[in-house]
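J.: Can you look at this prediction? I've put the sequence above it.
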Amino acid sequence: MEVIMGRHPGELILSLLSSAFFSSSSSLPVTTDHWLLNDVMDKGPSPPVDEMGKLEVVGVVKIALACLCVNPQSRPTMQQIDRALSMQGPPLSKSFSMITLDELLGHGGETS
């Protein structure tokens, strides 16, 4: 995530940890649901413009977020990561600029 974000993802990690810790309490908001992927990406390089580049970024971010899972048993294995990086996902179902981190965590609507 640090490479994608261009900085240490400390705030993101804290938000994810808070979400996991408080997930049983429906009265507390999940803080990643409004974070757009586009907003957390490093602003130095240009965002991808072609569909293949967008799919690759979404796939890598999904893997990176899965690796941040609080429960080590829920994190992907290297074999699962290798398989995910080797596969091309389906086309994005929404605009790249509208994809939220919550969707990439599997909590929101489908993005691919």
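T.: Yep, it's here.

J.: how about low-confidence regions in this protein?
T.: Flagging of the chain using pLDDT under 70 yields the residue ranges 19-33, 107-112.

J.: List the buried residues in the longest helix along it.
T.: The single longest helix within the chain, with elements called by DSSP state H, is helix 51-67. Using 16 or more other Cβ atoms under 10 Å as the test for burial, helix 51-67 gives 54, 55, 57, 58, 59, 60, 61, 62, 64, 65, 66. C-beta coordinates here come from the backbone N, C-alpha and C atoms, glycine included.

J.: One more: stretch 8-17?
T.: For stretch 8-17, by 16+ other Cβ under 10 Å, it's 9, 12, 15, 16.

J.: Assign the third one to helix, strand or coil.
T.: State at residue 15, reduced to three classes by DSSP: H, G, I helix; E, B strand; the rest coil: helix.

J.: rewinding a little: what would the buried residues of helix 51-67 look like in CSV with distance to residue 93?
T.: CSV is the format used below for the buried residues of helix 51-67 (distance: Cβ to Cβ, whole Å):
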residue, distance to residue 93
54, 12
55, 12
57, 15
58, 11
59, 14
60, 18
61, 16
62, 14
64, 21
65, 18
66, 20
